[in-house]
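Visitor: Below is the sequence, then the predicted model.
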Amino acid sequence: MIRRRAGLLNEPIEIYKVVTEVDEYGVKNELRELRTKTRARVQYNSGSRNIEHSEIVHDYTKTFTVRYYVEVEDYDKILWQGKYYRVLSIDSSR
């Protein structure tokens, strides 16, 4: 029996390539170039509240599942619901 689960990829996301540019003063600027728009399954994994530099920071991780042919690299950023997420790891299991 073959089951198709494409309906789980129901969240629109954008994947951005991060490009570092150095200006005439030697300052490194991080620029984002749109790599692709696709749909993904988004799952909440964990979250915590930490204090960094006398400031409360809420850290949380999510898993974005996309189709195998979608191009994603380690330093890309993912835009979902108005927030950017870093790619921490890529599991290319089929």
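Guide: On my side now, so go ahead.
Visitor: can you list contacts of the lowest-mean-pLDDT helix or strand in the chain?
Guide: Ranked by mean pLDDT, DSSP states H and E, the weakest helix or strand in the chain is strand 55-65, scoring a mean of 87. Residues outside strand 55-65 that contact it (C-beta atoms under 8 Å, 6 or more residues apart in numbering): 8-9, 13, 40-51, 78, 80, 85, 88. (C-beta placed from N, C-alpha, C; glycine too.)
Visitor: List the contacts of the closest residue to residue 76 other than its chain neighbours.
Guide: The shortest distance from residue 76 to any non-neighbouring residue, by C-beta to C-beta, 6 or more residues apart in numbering, is to residue 87 (5.0 Å). Residue 87 sits next to 72, 73, 74, 75, 76, 77, 78 when contact means C-beta under 8 Å, 6+ apart.
Visitor: got CSV for the residues you listed, with secondary structure and distance to residue 36 too?
Guide: Converted to CSV, those look like this (DSSP: H, G, I helix; E, B strand; the rest coil; distance: C-beta to C-beta, whole Å):
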residue, secondary structure, distance to residue 36
72, coil, 9
73, coil, 11
74, coil, 16
75, coil, 15
76, coil, 10
77, strand, 12
78, strand, 11
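Visitor: tell me the mean pLDDT for the longest strand seen in the chain?
Guide: Secondary structure assigned by DSSP state E gives strand 28-52 as the longest strand of the chain. Across strand 28-52, the average pLDDT comes to 91.
Visitor: Could you do stretch 9-17 as well?
Guide: The average pLDDT for stretch 9-17 rounds to 94.
Visitor: List the buried residues for that stretch?
Guide: 9, 13, 15, 16, 17 (16 or more other C-beta atoms under 10 Å).
Visitor: Quick one: residues contacting the residue nearest to the spatial centre of the chain.
Guide: The residue lying closest to the centre of the chain (C-alpha atoms, centre = their mean) is residue 78, at 3.0 Å. By C-beta under 8 Å, 6+ apart, residue 78 lies in contact with 13, 14, 15, 16, 64, 84, 85, 87.
Visitor: Give me the residues contacting the longest strand of the chain.
Guide: With contacts defined as C-beta under 8 Å, 6+ apart, strand 28-52 is touched by 8-23, 56-67, 70-72, 76-77, 80.
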